[in-house]
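> fold the following and give me the result.
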Amino acid sequence: MFITKTIKTNVVGVEQIEDNWAKGNNAVFCTPHHALLALFAGIVAAKSKIPPVVLLASLSDDGELISKLLKKFGFEMIRGSSRRGAQKAMRELVINGKSGKNLGIAFDGPKGPPLIPKRGLIGCARANKGKIYLIYTEAIQRDFLFFSWKPFRINSWDRMLIPIPFCSIKITFELVPEFLLTPEDFRENEILNYIEKRCWETQGHIYKELV
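From the prediction side, this is the model:
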């Protein structure tokens with residue numbers, strides 16, 4: 001796509017994931033719903049070489065659009081959400097996770113509340129026994145040919161970040177503390193609370209700006 005050929009991407013923390021994969025370990029990637037389009041546009045633009053990742057997209061119209069786009073980028077898609085098709089989607093995620101595939105989920109979709117993770121994320125983590133990486137995606141102004149380009153947000157429940165040609169995106173991968181993920185002491189509530197707290201610390205300003 002034209003847009004991914006013009007985007008400038010700065011990816012932070014990817015080395016730890018590559019090291020994890022080199023050791024034969026799986027991963028669960030989670031991101032707020034608002035970042036989906038910009039995140040994957042940025043990943044494709046960066047030409048990152050990643051093992052197969054199975055992603056969950058809702059059965060909504062937005063989910064249909066996102067699913068079609070990500071399939072073109074080579075991602076595997078499962079359709080379902082906490083509101084519709086939840087059990088079927090989770091079964092498929094568990095099967096893929098147990099088969100050794102990496103999993104990805106927008107943890108507060110399909111309709112929020114924003115930045116509050118749902119328990120489907122815990123099911124993913126248990127399925128493939130992988131580390132959990134929280135992903136932050138930021139829009140950065142980029143000057144080009146006497147103009148400035150910056151992704152913009154729409155006034156939806158999630159404040160979706162929309163990438164545009166020649167924009168600049170920063171993607172940061174953060175490992176959820178491993179002491180929360182040990183098989184003998186899988187601290188579900190602490191994991192969800194940690195992710196919610198970190199997201200509000202790093203991205204809460206998004207919602208304050210557009211109130």
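
> all contacts plus neighbour counts: C-alpha atoms, from now on.
Fine.

> can you show me the helices along the protein?
2-6, 14-22, 36-45, 61-72, 86-98, 120-128, 188-203, 205-209 (DSSP state H).

> and the gap between the residue positioned nearest the centre of the chain and residue 5?
The centre of the chain sits closest to residue 31, judged by CA atoms, centre = their mean, with a distance of 3.2 Å. Here residue 31 is placed at a distance of 23 Å from residue 5 (CA to CA, to the nearest Å).

> please apply the same query to residue 45.
6 Å.

> between these two, which is the more surrounded one?
More neighbours surround residue 45 than the other of residue 45 and residue 5, with 20 against 15 (other CA atoms under 10 Å).

> what sits against that one?
Each residue near residue 45 by CA atoms under 8 Å, 6 or more residues apart in numbering is listed here: 4, 5, 6, 7, 8, 9.

> count the neighbours of the third one for me.
A count of neighbours around residue 6, defined by other CA under 10 Å, yields 14.

> thinking again about what came up before, from the contacts of residue 45, pick the one nearest residue 176.
Nearest to residue 176 among the contacts of residue 45, counting by CA to CA, is residue 9 at 22.9 Å.

> ok, the closest one touching residue 163?
No: counting by CA atoms under 8 Å, residue 9 stays clear of residue 163, with 11.2 Å between them.

> compare those two (neighbour count), which wins?
Legend: neighbour count by other CA under 10 Å for residue 9 and residue 163, higher for residue 163 (25 against 22).

> how about the nearest residue to that one, chain neighbours excluded?
residue 151 (4.7 Å; CA to CA, 6 or more residues apart in numbering).

> okay, now the sheet partners of the lengthiest strand in the chain, with direction.
Across the chain, the strand with the greatest residue count (assigned by DSSP state E) is strand 131-140. Here strand 131-140 has these sheet partners by DSSP bridges: strand 27-31 (parallel), strand 168-175 (antiparallel).

> any idea of the mean pLDDT in the shortest one?
Strand 27-31 shows a mean pLDDT of 92 in the predicted model.

> cool, the last one as well?
Model confidence over strand 168-175 averages 93 on the pLDDT scale.

> and if you look at stretch 91-102?
Mean predicted lDDT for stretch 91-102 stands at 84.

> run through who's touching it.
With CA under 8 Å, 6+ apart as the criterion, stretch 91-102 contacts 26-29, 51-54, 56, 78, 103, 123-124, 127-128, 130.
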